[in-house]
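Asks: Predicted model and sequence below, questions to follow.
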Amino acid sequence: MTRKKKYGIAIAAVVVVLIIVGITRSGQKQATLQTDVVKRQDLKRTVLATGTVTSNVDLSLSFKTSGVVQKIPVKVGQKVKEGDVLVQLDSRDQAASVAQARASVAQAQANLSKVLSGATSEEVDVAQKGVDAAQVALNNARKSLEDTKKQQATSVSNAYSALLNSTLAAVSAANNLGTAAITVSGTYTGPSTGSYVIKAYTSGEGGPLTFSGIESGNVVIKSSTPVQLGKYGLFVQFTNSSIYGGDSWTIDIPNTRATTYVANQSAYNAALESQRSVVSTAENVVATAQTSYDQAVASLNLKKAQARPADVDAAKAQVLSAQAQLASALNGFENTIIRAPSGGTVTKIDVKVGEQATALKSIVSLQDVGNLYVEANISEANIAQVVNGQAVSYTFDALGADRTFTGTVTTVDPASTVISGVVNYKVTASVDQASEVKPGMTANMSVLVGKQSGSLSVPQRALVERDGQKFIRVITDAKKQTYTETPVTTGLEADGGLIEIKSGLTQGQVIVTFVEEQK
């Protein structure tokens, strides 16, 4: 065989081998990697809900009695003040009853005057007016005394509270190993003076601490959030986490070292002295008014001495009875009128002049359309993330999805409501003033429950969890499609399927989001 022929056979063998290898490889499974890049961006997490616009004033008003509508002095959309007449029934019968009751009062009073005519009517009238004036003066003096006592007691209480809260501070013990300091906030409302002694039994932030003194108990103090200390209104917060077991802090009530303590002590002493002085003066005024009243009553009794006490009492009873009948007649007259119980806007009138109005049936709706809020139900899966003060954005079905409004979460109901077998909690949020927003509109709420600015982030599907640890597969060779698993620490789970990376990655790294096995 020639050399040339041998060389040709060798080439043919190589080609056959390559074909076999290609066929073999074509039958093996190869992995296709989907990748993404670690980015630095703003992240946010929102909770979505659907709610209804509600008015702070939302009243359905009705009559206590049935009758024919005589007058409707307002129109739908009109703003009214408290006490304004909204609808009035035909009240001629009630007006006649009032007039008759007034006449009965006048007759009873005339009869009393006749009974008292043992003296001249002019003298009795003068004496009676003197008693009435003295009674008014005495009543006013007594009321002034009670008001003065309340005002002075409030002033003393406020001054004492200010004294007890003289720039409260937690003083670190001299032998503390850690550098953690405690910030005290809130207002102490306890009844007594004394101290709180806070002591750490374990090192590091988040460990339990005990407190004793004015109150006793346990508390876990975080550097991020003030926590309540006992039940008397104080809150405490660490400024850093350098805490060691055995460290202690003392809060004195009051803080005699405070720069405001002397001034507050002086103000409290002045309040006590003012209370004694002012109340004493008011008591003297009452005593003087009582003496004047007693003298006026004695003078009247002297002038009425010829009248029998039993006759006078009977005549007075007639006056009181007539006055009670007049009050009843006036109340019946008022029952023919619907008045605005508060200021607002008339949003509905379900009756016309001349129609028969039925008792207790809603006739007029009154709402405060300028002061609106949104109520929505949020499921128990998301309610733990919603707290007062969070920002809310809205769109309203009636105004279009391109119009966005803002507001703030104001209340989260502590009690649940079960709707279609799902546990929900009612959330109330303000809505910024907008003339287009009206009560009853459907609101699409988006509550901002978390956000991070300029944070590293990756798609959540890139995260691998194994044995309690989290990993991200980082590309090591793009051509060969090789990667390595890198442990990471995560943070906010954000909208859009993103998750915050606190440590383990750097911006711009290429990562694996999905591995797809292919043939």
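Replies: Here it is on my side, so go on.
Asks: Flag the shaky bits of the stretch 51-200 of the chain, pLDDT-wise.
Replies: Within the stretch 51-200 of the chain, the ranges that satisfy pLDDT under 70 run 117-121.
Asks: mind listing the strands in it by residue range?
Replies: 58-61, 67-71, 79-80, 85-89, 170-172, 182-186, 194-200 (DSSP state E, counting those that start in this stretch).
Asks: Could you export those as a markdown table, including mean neighbour count?
Replies: Placement of C-beta: from N, CA and C, glycine included. Output for the strands of the stretch 51-200 of the chain, formatted as a markdown table (neighbours: other Cβ atoms under 10 Å):
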| stretch | mean neighbour count |
| --- | --- |
| strand 58-61 | 15 |
| strand 67-71 | 16 |
| strand 79-80 | 16 |
| strand 85-89 | 20 |
| strand 170-172 | 18 |
| strand 182-186 | 16 |
| strand 194-200 | 19 |
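Asks: Which strand residues bridge the closest residue to residue 337 other than its chain neighbours?
Replies: Beyond its immediate neighbours in the sequence, the residue positioned closest to residue 337 (Cβ to Cβ, 6 or more residues apart in numbering) is residue 88, lying 5.0 Å away. Residue 88 forms beta bridges with residue 71, residue 337, as assigned by DSSP bridges.
Asks: was I right about residue 88 contacting residue 74?
Replies: No: here residue 88 does not reach residue 74: they are 10.7 Å apart, not a contact under Cβ atoms under 8 Å.
Asks: re the thing from before, please name the residues that touch the residue nearest to residue 337.
Replies: Contacts were defined as Cβ atoms under 8 Å, 6 or more residues apart in numbering; by that measure residue 88 touches 69, 70, 71, 72, 73, 336, 337, 338.
Asks: How about residue 169?
Replies: Under the criterion of Cβ under 8 Å, 6+ apart, the contact list for residue 169 reads 184, 251, 255, 257, 258.
Asks: Sticking with the second one, tell me its helix or strand.
Replies: When secondary structure is defined using DSSP states H and E, the element that contains residue 251 is strand 248-253.
Asks: Now do that strand against strand 194-200: the angle between them, please.
Replies: Comparing the axes of strand 248-253 and strand 194-200 via axes from the mean of the first three to the mean of the last three Cα atoms, to 10 degrees yields an angle of 160 degrees.
Asks: Now do strand 248-253: everything it contacts.
Replies: Applying Cβ under 8 Å, 6+ apart, the set of residues contacting strand 248-253 from outside is 164, 168-173, 176, 182, 184, 188, 190, 192-200, 214, 229, 234.
Asks: So which residues of the stretch 351-500 of the chain form helices?
Replies: Across the stretch 351-500 of the chain, reading from the start of the chain, the helices by DSSP state H, counting those that start in this stretch fall at 380-383.
Asks: Mind listing the strands the lengthiest strand in the chain pairs with, and their directions?
Replies: For the chain, the longest strand by residue count, based on DSSP state E, is strand 400-419. Strand 400-419 has the following strand partners under DSSP bridges: strand 391-396 (antiparallel), strand 422-430 (antiparallel).
Asks: now the strands of the stretch 51-200 of the chain in CSV, with distance to residue 273?
Replies: Putting the strands of the stretch 51-200 of the chain into CSV (distance: least, Cβ to Cβ, whole Å) gives the following:
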stretch, distance to residue 273
strand 58-61, 49
strand 67-71, 60
strand 79-80, 50
strand 85-89, 52
strand 170-172, 32
strand 182-186, 30
strand 194-200, 26
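Asks: Quick one: closest of these to residue 425.
Replies: Nearest of these to residue 425, taken as Cβ to Cβ: strand 58-61 at 21.2 Å.
Asks: Centre of the chain to the closest one, how far?
Replies: 23 Å (Cα atoms, centre = their mean, to the nearest Å).
Asks: List the contacts of it.
Replies: 86, 338, 341-342, 344, 362-368, 439.
Asks: cool, and stretch 399-406?
Replies: Counting by Cβ under 8 Å, 6+ apart, stretch 399-406 makes contact with 391, 392, 393, 394, 395, 396, 431, 432, 434, 436, 437, 441, all of which sit outside it.
Asks: Give me the buried entries from the residues you listed.
Replies: In those, burial by neighbour count holds for 391, 392, 394, 395, 396, 431, 437, 441, counting by 16 or more other Cβ atoms under 10 Å.
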